[in-house]
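>>> Sharing a model prediction with you, sequence too.
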Amino acid sequence: MCDSDRADDEARELTRRRFIQFSSLAGTGVLASIGILSDAEHALAAPSSQLGKGPDPKECGKTTDSDSLWRLSQKCHSNNTCRQNHADYVVMGGTKSKKKYINYILVPTQRISGIECSWICGSSAPNYWSAADYYATQPPTVVPTPVGLGINSKQARGFNQLHIHMARARRESLQDLVAQDHLAVRTVAHWMYSRVSIRGLSQNLGIIPHTYRVLIWPGFHHDNLFAMLRTMLKHALGHGGTTAKAQALMQYQTLIVIPRPAGGYYIVNSDKSVRDPNNPNLVGTDTCDPLLLMHP
């Protein structure tokens, strides 16, 4: 099979996934009526008024912005010189590591500043997580297993164009997740209660633990992880919590996906305010970097 045929096959497969994701929304009400989707978070993001519309430039950035990642991704997309090139996203080289760790980033072709853009929680947004997971297994952007995916908070990122890191999960991080599997939860409604201490790399302090909230989830090819995170934050706000208030908290979040050896995935979240009453000396973090093999 020639490269152009392979690229066409990949594009058709990802388009098929998006079609399944969007078409399944039409049956959500029926499934809910018989109890299959009684957990709201188990459904995909509800159809929004933004269906068919792109991100709001006031909230998500303008195409005329000078952010260097936005400019570079648009250039390689238009020239077809990115490592991977798709209508909705491109894959580019990731963090430059002294130890030459293999890592990449998936970057939307839409102007999206980052995790704070509410459009990515809507049903018209592509499934960027699924795409990153797919391309981490496709030459020339194959990432050593176990493949970890992650996004940084607004405060912790280096560029103002959304990008999902694709890198190998750190050995000690996965070990901690497996050893504390019983502390993870299995519903978004309970995600806010989970507290798990996970070791990762601090570039200043070495290998140290941080506090995370961990959800075990069967897969995410038909689920919007950004929408699930926002739903969890709404639950965490308690009585009076609204989607708007939860959206205001999205900018402070980091989100990481790591395969679970026993099946499914660990969906890992934290921010600097996260605390564990049983480990009061540990703090949360707003960056995915500690759990992914990108440094030093």
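Structure received. Residues are numbered from 1 along each chain as shown.
>>> Within the helices and strands, which one has Arg168?
strand 164-168 (DSSP states H and E).
>>> What of Tyr104?
strand 103-108.
>>> immediately after that strand, which helix or strand?
By DSSP H and E, the next helix or strand past strand 103-108 is helix 128-135.
>>> Just the CA atoms of the next helix-or-strand element following that next one, as PDB, please.
Of the helices and strands lying after helix 128-135 in sequence (DSSP H and E), the nearest is strand 147-151. Listed next in PDB are the C-alpha coordinates belonging to strand 147-151 (Å, rounded to 0.1, in the frame of the first residue of the first chain):
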ATOM      1  CA  VAL A 147       1.500   5.200  25.600                       C
ATOM      2  CA  GLY A 148       0.500   8.100  27.900                       C
ATOM      3  CA  LEU A 149      -1.500  11.200  26.700                       C
ATOM      4  CA  GLY A 150      -1.700  14.500  28.500                       C
ATOM      5  CA  ILE A 151      -2.700  18.100  28.400                       C
END
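>>> Strand 147-151 pairs with which strands, and in what direction?
strand 164-168 (antiparallel), strand 254-259 (antiparallel) (DSSP bridges).
>>> I'd like those strands as JSON lines, with mean pLDDT appended.
Converted to JSON lines, these look like this (pLDDT from 0 to 100):
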{"stretch": "strand 164-168", "mean pLDDT": "98"}
{"stretch": "strand 254-259", "mean pLDDT": "98"}
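>>> Adding distance to Ser270 and mean neighbour count, write those out as JSON lines.
In this view, the C-beta of every residue, glycine as well, is placed from N, C-alpha and C. As requested, the strands paired with strand 147-151 are exported to JSON lines (distance: least, C-beta to C-beta, whole Å; neighbours: other C-beta atoms under 10 Å):
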{"stretch": "strand 164-168", "distance to Ser270": "15", "mean neighbour count": "25"}
{"stretch": "strand 254-259", "distance to Ser270": "6", "mean neighbour count": "24"}
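>>> Tell me how many other residues surround the closest residue to Gly263 other than its chain neighbours.
Excluding the flanking residues, the one nearest Gly263 by C-beta to C-beta, 6 or more residues apart in numbering is Pro218, at 7.6 Å. For Pro218, the neighbour count with other C-beta atoms under 10 Å is 12.
>>> so who does Pro218 touch?
Counting by C-beta atoms under 8 Å, 6 or more residues apart in numbering, Pro218 touches 263-265.
>>> Which of those residues fall within strands?
Tyr265 (DSSP state E).
>>> Closest to Pro126 out of the contacts of Pro218?
Lowest distance from Pro126 to these (C-beta to C-beta) belongs to Tyr265, with 18.8 Å.
>>> Toward the C-terminus, what is the element adjacent to the worst-scoring helix or strand of the chain on mean pLDDT?
Among the helices and strands of the chain, helix 28-33 carries the lowest confidence by mean pLDDT, DSSP states H and E, at a mean of 32. Downstream of helix 28-33, the next assigned helix or strand under DSSP H and E is helix 57-60.
>>> so what does the helix or strand following that following helix touch, helix or strand wise?
Using DSSP H and E, the helix or strand that follows helix 57-60 in sequence is helix 68-79. For helix 68-79, the contact count by 3 or more C-beta pairs under 8 Å, 6 or more residues apart in numbering; DSSP states H and E identifies strand 89-93 as packing neighbours.
>>> Report the strands that pair with the strand it packs on, each with its relative direction.
Sheet pairing for strand 89-93, using DSSP bridges, gives strand 84-85 (antiparallel), strand 103-108 (antiparallel).
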